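Sequence and predicted structure, then a few things I'm wondering about:
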Amino acid sequence: MIASAFLVPALIFAAIAAGAAVLVWRIYKRVKSARDALLGGIDALGGLAAGLKDASLSGEAQEPRSVSGATSLYLPKIEADFADFHYPEAVAAVKAFICEYLSVKYEGGRFSVSNVDPGVEATVDKSPEKHSVTDEAVHRTAICGYTKTEEYATITFRAAAGYRLDGRQTEERYDIEYTLKIREEGIEQKSLICPRCGGAFTSTAEKVCPYCGSGIIRDTVMSWRFTSIRES
């Protein structure tokens with residue numbers, strides 16, 4: 001009987017102890033789970049911050065440069081002066097010119113498009129070392145200036161472009177002068193310039209060059225030439 005009297009409280013105590021142990025274990029698991037979640041969130045935030053920092057350092061976070069212009073003001077004047085001027089073709093020519101400019105500046109290339117004034121390449125600040133230029137893209141283009149005299153007309157384009165320089169994203173803005181020589185070599189009227197041989201002629205009805213026989217593209221690309229480019 002005495003043994004039984006001691007056995008029952010012992011069993012009760014053991015049960016209470018076991019229950020307490022289970023409770024403590026459950027509390028520990030919950031605390032650990034909450035701690036792991038908190039630390040995981042901190043790690044995630046740290047990783048995000050590091051990623052943003054790395055992106056900023058690598059140039060990934062750069063936004064396209066803004067472009068201000070007055071296309072709606074200048075374009076009607078240009079089209080009134082030159083009925084055969086085609087704005088979409090001019091913009092396409094500007095984009096091609098910027099890509100060539102980047103190649104000349106960083107990759108040691110040469111201007112291959114025909115409507116670039118011979119003196120432009122000498123003004124390019126060429127890199128002493130060759131670099132890789134990829135993913136060129138012109139984001140925005142606008143006309144920001146126009147002048148016309150008896151001898152020439154010049155349209156100033158402003159363009160924002162992005163590209164990867166050795167893998168690093170770069171954004172720049174350029175002012176580009178697009179010039180038509182109205183009087184050239186004694187011809188007192190607008191002349192068309194063959195993109196292949198450079199021959200000048202005046203008839204807009206020509207389908208082939210009278211000098212070399214090459215096919216003629218539209219007047220906007222033949223007549224107007226890039227005479228300047230500078231970062232703005």
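Okay, I see it.

contacts and neighbour counts: CA atoms only from here.
Noted.

Show me what secondary structure element comes after the helix or strand of the chain with the lowest mean pLDDT.
One helix or strand of the chain scores below all others by mean pLDDT, DSSP states H and E: helix 219-223, with a mean of 51. Counting by DSSP states H and E, the element after helix 219-223 in chain order, helix or strand, is strand 225-231.

for that following strand, packing partners?
When contacts are defined as 3 or more CA pairs under 8 Å, 6 or more residues apart in numbering; DSSP states H and E, strand 225-231 sits against strand 168-181.

Could you pull out the strands in the protein for me?
Here the chain has its strands, by DSSP state E, at 133-148, 152-165, 168-181, 192-193, 200-201, 225-231.

what about dumping the CA coordinates of stretch 102-112 to PDB?
What follows is stretch 102-112 as a C-alpha-only set of coordinates in PDB (Å, rounded to 0.1, in the frame of the first residue of the first chain):
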ATOM      1  CA  LEU A 102      30.000  54.300 -81.400                       C
ATOM      2  CA  SER A 103      31.900  51.800 -83.600                       C
ATOM      3  CA  VAL A 104      34.400  54.400 -84.700                       C
ATOM      4  CA  LYS A 105      34.800  55.700 -81.200                       C
ATOM      5  CA  TYR A 106      35.200  52.500 -79.200                       C
ATOM      6  CA  GLU A 107      35.900  49.700 -81.700                       C
ATOM      7  CA  GLY A 108      38.300  51.300 -84.100                       C
ATOM      8  CA  GLY A 109      35.900  51.200 -87.000                       C
ATOM      9  CA  ARG A 110      35.300  53.600 -89.900                       C
ATOM     10  CA  PHE A 111      32.200  55.300 -91.100                       C
ATOM     11  CA  SER A 112      30.800  53.200 -93.900                       C
END
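
what comes into contact with that stretch?
Stretch 102-112 has contacts (CA atoms under 8 Å, 6 or more residues apart in numbering) with 100-101, 121, 124-127, 129-133.

Those, buried ones only, as a PyMOL selection?
Selection of buried members from these for PyMOL, criterion 16 or more other CA atoms under 10 Å:
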select buried, resi 100+101+121+126+133
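
ok, how many other residues are close to Tyr178?
Using other CA atoms under 10 Å, Tyr178 is surrounded by 24 other residues.

beta partners of the closest residue to it other than its chain neighbours?
Take Tyr178 and drop its neighbours on the chain: the residue closest to it by CA to CA, 6 or more residues apart in numbering is Phe226, 4.6 Å away. On the basis of DSSP bridges, Phe226 is bridged to Val116, Tyr178.

and Phe226, what does it touch?
115-117, 120, 176-179.

Quick one: buried ones out of the residues you listed?
Buried members of these, scored by 16+ other CA under 10 Å, are 115-117, 176-179.

Poorly predicted segments of the protein, please.
For the chain, the stretches with pLDDT under 70 are 1-65, 183-196, 198, 201-207, 215-222.

farthest pair in the contacts of stretch 102-112?
Using CA to CA, the pair of the contacts of stretch 102-112 lying farthest apart is Glu121 and Ser132, separated by 19.0 Å.

quick one: contacts for the nearest residue to Ser228 once chain neighbours are set aside?
The shortest distance from Ser228 to any non-neighbouring residue, by CA to CA, 6+ apart, is to Glu177 (5.0 Å). By CA under 8 Å, 6+ apart, Glu177 lies in contact with 154-157, 226-229.

if we can go back for a sec, deepest of the strands of the chain, which one?
strand 192-193 (a mean of 24; mean count of other CA atoms under 10 Å).

how about TSV for the contacts of Glu177, with distance to Ile143 added?
Listed next are the contacts of Glu177 as TSV, based on distance: CA to CA, whole Å:
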residue	distance to Ile143
Thr154	11
Ile155	7
Thr156	6
Phe157	5
Phe226	14
Thr227	15
Ser228	14
Ile229	14
